[in-house]
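>>> here's my sequence, what's the structure:
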Amino acid sequence: MNKNIVINKKIIKKTKCPFNFVCLLDPDKILCKVETNINHSVLFVKPTNGSMCNYRIYFGEGYICKCPVRKEIYEKYNL
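Got it, this is the predicted structure:
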């Protein structure tokens, strides 16, 4: 299901996605779920799959997502 996710091309260009931006095709199934958003800059997420992602960082008892595309999706679409 495409939710017409549109991300700024500059953000796409600076992101080195090992999954070829599959999150833009079906965000409901692919994206790590955001548990907490701190100051619109730090996303604590719950991984949806076991795949390794260079943008997901283990922190304390959870994970932080540093992916610029993921942050933009959350900010623009609250997903």
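
>>> enumerate the positions of stretch 69-79 that are buried.
Residues of stretch 69-79 classed as buried: 69-74 (neighbour count, 16 or more other C-beta atoms under 10 Å). Every residue, glycine included, has its C-beta placed from N, CA and C.

>>> in helices only, show me those residues.
Counting by DSSP state H, the part of the buried residues of stretch 69-79 found in helices is 69-74.

>>> just the closest of those to residue 4, please.
residue 73 (11.8 Å; C-beta to C-beta).

>>> relative to residue 8, which of the ones in helices among the buried residues of stretch 69-79 is nearest.
Using C-beta to C-beta, these come closest to residue 8 at residue 72, 6.7 Å.

>>> mind listing what the residue nearest the centre of the chain touches?
Against the mean C-alpha coordinate of the chain, by C-alpha atoms, centre = their mean, the closest residue is residue 70 at 2.5 Å. Neighbour list for residue 70: 23, 31-32, 43, 45, 55 [criterion: C-beta atoms under 8 Å, 6 or more residues apart in numbering].
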